[in-house]
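K.L.:
turn this into a model:
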Amino acid sequence: MDSKPGRVVKDAVEAAAHKVAEIADSLTDRVPGSPGSGTPTVEEPTTPIEPLPPKREQGTPDTRTPTGAETGLPAPAKSQQGAYLTTAQGARLRDTDHSLKAGPRGPILMQDHHFREKIMHFDHERIPERVVHARGAGAHGTFTGYGTADGVTRAGFLAKGKETQVFVRFSTVLGSRGSADTVRDTRGFATKFYTDEGTFDLVANNMPVFFIQDAIKFPDVIHAAKWHPDREIPQAQSAHDTFWDFVSLHTEAQHHTIWNMSDRGIPRSYRHMEGFGVHTFRLVNAAGETVLVKFHWKPKLGVHSLTWEEAQMLGGIDPDFHRRDLYDAIEAGAYPEWELGIQIFPDTPEETFAGIDLLDPTKIVPEELAPVQAIGKLVLDRTPTNFFAEVEQVAFHLGHLPPGIDVTNDPLLQGRLFSYLDTQLTRLAGPNFGQIPINRPHAPVNDMLRDGFHQQAVHAGVAPYRPNSLDGGNPSEAGDAENAFLDVPVMVAEAPKIRANPVSFDDHYSQVRLFWESMSPVEKEHIIRAYTFELGKCYEQAIKERQLQCLANIDPVLCEQVATGLGLPVPQPTVPLPEVTPSPVLSQVGRQWPGDGRMVGIVVDPDHLDSDLAEVRQAVFAAGMVPLLIAPHGGTVGGMPVQRTFATARSVEFDALIVAGAPVPAPDALPGRDEKAGAPGTAAIDPRVILMVQECWRHAKAIGAWGGGAAVLEAAGVAGTPGVVAAEDGTVFQSVQQLMASHRVWERFPVTVA
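P.N.:
Numbering: from 1, shown residues only. A predicted model of the protein is given here:
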């Protein structure tokens, strides 16, 4: 087949045009990216129609009243109605393109109520973004209890087979709403369970510890980690002086910091993240017995991260990478799944386990000491219908607890119980944020709270107080028989009022060393690089030297390697280095995982199409992955649609690459048109394909080739290296699939630390 543009157009129009629509229709079930539920026409539509239905993967909050009652209405009842444009009050409009003027060249008239309403609403579309976790994405799903927690809690949503609707919001901590997804940062993993006993918000992170031990320091750590106040840069980064000034002076922050400097700080996707409740909670069973627990989310696909170069490239190529991956996976039917688990500890007066203070949010309990016991499964299967109404307006609060779950005296948790509620007063304009559809409970609400900004309920009765007789005593207080929430009557020790932490909070280094010693050699290399990069971006030498002293108290190899990169002397530890037992579960390396929803790029040569191409493409689909054909031009090849061209594709989009040909330089492989084409030359293979292969190789991804693709591997200089496979036919995908189960081919690169 001729690859010249004229021939391409001729083929697409004359030979395959009648197939394209059929192909597109069949692939809407498989390849994600469709922007809407309708099929647009080239001409402007002029026939009035009712609003289109949502896309099949979209979901909305339940159609409930502000007080939690089911309405029985279909989901579209909350969206726009009717075929005609109207004002906010329902009056039909004949023109929204021209304001009302005194003549065609005259001033706009003040009486133009449509203009005033339209502009007024536009001027006030935005609400304040979150101070932290501003950049986020969310999805609807279902949680199913296993029944394995029945012995430790009476929370009904954990009963065997019980299904509960949920909404999950993932986020970064530091960046503004317009920042990039792939920055090095902690990620939020907040889940709203709409239980029939009241809403439960599990506000988790993808790291099990926090920077501080007491909530009174929360403004300080965020002020230090955010941009510098005089320039508002750097955005969404911790690689600057104020952050490292804070964490090197507050050594309690060193544990969270090393997690941030590890690959956990740049997750591959939300689907590959663990989640941790961070704090210790108290569970109460039907007999009134209590235990202490920590919550864990375990992803079905395993924990997996980006490489540092991938993260930087994606920040420019696709800053929406994580939210796109989440929504594309759901659209493709590769529904993200996690198991919810708990570590269980005796509820003793000391509130410690194996010598670890359970109220210290900078500490973990290794899973080897307290295994995580699975208690339910979360599946996300619906994307938002309206991002603002759902993802931006969802409001979480650690005090949203159902019967059977209670808090502890963790001083960070105690402060968050105030902060999360307080912030909604400004962000969501008043105390009635719980009546916004995404926040409405799925349990009956009779709270005696009245009025306030944005009150949507129409309360009946005349006596919103207790006791009353005018409303017949309604509402009544509930007891144990009615499954009322129980504030566990824990004894509070007699003590003076002081501003201090317990002595057990003073150990700031042993668990940091435990984390370091639990890493594989390749992960240690990445941690060294991250510290070196971040500290290298600091201006003040004193801050670098102070942090190096902290690293010396963690591990001498870590400190020496970072100091060498910074060109600074290596300090000696100021505290004894503790003996620790590594926790292998903290490492992301060494296990195998499913490839659901992974993106596989397939490079094709339209001039020499291989007969196995369609079969390989179908095999990728059958494996639960998404194949994206990459060709010199758009349109179709072999009757199959091209998703990417050499001009639009970049290696960071793909989890693996298969090369099915050796395409010659396309007509647009010109340095003046596409910088990826490189300098002018006489290459026999399109240089953008070579670049793609070399980038995938650098990022430790699986690479396969068959047919003419073997020549590409040779030209790229990667043939025969670990994780690069070739075959005579399309069976090469089987080898690529096996390599992908380990996420990366780290054995491709030697390491210098043990």
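K.L.:
tell me the phi and psi of the residue located most distally from the centre of the chain?
P.N.:
The C-alpha centroid of the chain is most remote from residue 103, which lies 53.1 Å away (C-alpha atoms, centre = their mean). Per-residue torsions, residue 103: phi 90, psi 160 (degrees, to the nearest 10).
K.L.:
mind checking how far it is from residue 594?
P.N.:
68 Å (C-beta to C-beta, to the nearest Å). Quick note: C-beta positions are derived from backbone N, CA and C, even for glycine.
K.L.:
check residue 132 too.
P.N.:
From residue 132 to residue 594 the distance is 32 Å (C-beta to C-beta).
K.L.:
which of these two has more neighbours?
P.N.:
Neighbour count, other C-beta atoms under 10 Å: between residue 132 and residue 594, residue 132 has more, with 19 against 16.
K.L.:
mind listing what that one touches?
P.N.:
If you count contacts by C-beta atoms under 8 Å, 6 or more residues apart in numbering, residue 132 has them with 173, 174, 222.
K.L.:
re the thing from before, distance check, the residue farthest from the centre of the chain against residue 111.
P.N.:
Going from residue 103 to residue 111 by C-beta to C-beta gives 15 Å.
K.L.:
please report how far the residue farthest from the centre of the chain lies from residue 382.
P.N.:
Taking C-beta to C-beta, one finds residue 103 at 51 Å from residue 382.
K.L.:
do the same with residue 34
P.N.:
Relative to residue 382, and taking C-beta to C-beta, residue 34 is found at 15 Å.
K.L.:
what do you get for residue 123?
P.N.:
Residue 123 is 32 Å from residue 382, by C-beta to C-beta.
K.L.:
do the same with residue 326
P.N.:
Distance of residue 326 to residue 382, computed by C-beta to C-beta: 12 Å.
K.L.:
what is in contact with these two at once?
P.N.:
Listed as contacting both residue 326 and residue 382 by C-beta under 8 Å, 6+ apart are residue 139.
K.L.:
all helices in the stretch 651-754 of the chain, in order from the N-terminus.
P.N.:
Using DSSP state H, counting those that start in this stretch, the helices of the stretch 651-754 of the chain run over residues 687-698, 709-716, 732-740.
K.L.:
what sits up against the first one?
P.N.:
Spelled out, that is helix 687-698. Contacts of helix 687-698 with the rest of the structure, by C-beta under 8 Å, 6+ apart, involve 307, 309, 601, 603, 630, 646-647, 649-652, 654, 656-657, 659, 662-663, 665, 669, 674, 676-678, 681, 683, 703, 712-713, 715-718, 721, 724, 748.
K.L.:
put the buried members of the residues you listed into a PyMOL selection.
P.N.:
To isolate the buried ones among the contacts of helix 687-698 in PyMOL, judged by 16 or more other C-beta atoms under 10 Å, type:
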select buried, resi 307+601+603+630+646+647+649+650+651+652+654+656+657+659+662+663+665+669+674+676+677+703+712+713+715+716+718+724+748
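K.L.:
the contacts of helix 687-698 in strands, which ones?
P.N.:
Judged by DSSP state E, strands contain the following of the contacts of helix 687-698: 601, 603, 630, 656, 657, 659, 703, 724.
K.L.:
now do the contacts for the second one.
P.N.:
It refers to residue 603. Residues in contact with residue 603, defined by C-beta under 8 Å, 6+ apart, are 630, 631, 657, 658, 659, 660, 661, 663, 689, 692, 709, 712.
K.L.:
kindly report the same for the last one.
P.N.:
Contacts for residue 724 (C-beta under 8 Å, 6+ apart) come out as 697, 703, 704, 705, 713, 718.
K.L.:
repeat that with 10 Å
P.N.:
657, 693, 696-697, 701-705, 713, 716, 718, 735-736, 739, 745, 748 (C-beta atoms under 10 Å, 6 or more residues apart in numbering).
K.L.:
count of neighbours near residue 412?
P.N.:
Number of residues near residue 412 (other C-beta under 10 Å) recorded here: 21.
K.L.:
if we can go back for a sec, of residue 123 and residue 382, which one has the most company?
P.N.:
Using other C-beta under 10 Å as the criterion, residue 123 and residue 382 rank with residue 382 on top: 21 against 8.
K.L.:
mind checking the SS state of that one?
P.N.:
For residue 382, the assignment made with DSSP: H, G, I helix; E, B strand; the rest coil gives strand.
K.L.:
and it, how far from residue 165?
P.N.:
Where residue 165 is concerned, residue 382 sits at a distance of 10 Å (C-beta to C-beta).
K.L.:
and for the two, which residues touch both?
P.N.:
Jointly contacting residue 382 and residue 165 under the rule C-beta under 10 Å, 6+ apart are 59, 140, 141, 142.
K.L.:
got CSV for those, with distance to residue 287, pLDDT and neighbour count too?
P.N.:
Converted to CSV, the shared contacts of residue 382 and residue 165 look like this (distance: C-beta to C-beta, whole Å; pLDDT from 0 to 100; neighbours: other C-beta atoms under 10 Å):
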residue, distance to residue 287, pLDDT, neighbour count
59, 38, 93, 21
140, 35, 98, 24
141, 32, 98, 22
142, 29, 98, 15
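K.L.:
what sits against the residue lying closest to residue 475 once chain neighbours are set aside?
P.N.:
Spatial nearest neighbour of residue 475, excluding adjacent residues (C-beta to C-beta, 6 or more residues apart in numbering): residue 446 at 4.3 Å. With contacts defined as C-beta under 10 Å, 6+ apart, residue 446 is in contact with 67, 68, 459, 461, 464, 474, 475, 476.
K.L.:
was I right to think the second one contacts residue 62?
P.N.:
Yes. Residue 68 lies in contact with residue 62 (C-beta atoms under 10 Å); the separation is 9.3 Å.
K.L.:
overlap in contacts of the two?
P.N.:
194, 440, 441, 442.
K.L.:
from those residues, pick the one nearest residue 187.
P.N.:
Lowest distance from residue 187 to the shared contacts of residue 68 and residue 62 (C-beta to C-beta) belongs to residue 194, with 22.8 Å.
K.L.:
confirm the closest one sits in a helix?
P.N.:
No. Under three-state DSSP, residue 194 falls outside any helix and is assigned strand.
K.L.:
excluding residues flanking it in the chain, which one is nearest it?
P.N.:
The shortest distance from residue 194 to any non-neighbouring residue, by C-beta to C-beta, 6+ apart, is to residue 442 (4.0 Å).
K.L.:
next: residue 526.
P.N.:
That would be residue 263: by C-beta to C-beta, 6+ apart, it lies 5.4 Å from residue 526.
K.L.:
nearest to residue 350, out of the helices of the stretch 651-754 of the chain?
P.N.:
Proximity to residue 350 (C-beta to C-beta) singles out helix 732-740 among those, at 46.5 Å.
K.L.:
okay, buried residues for the closest one please.
P.N.:
Residues of helix 732-740 classed as buried by neighbour count (16+ other C-beta under 10 Å): 732, 733, 735, 736, 737, 739, 740.
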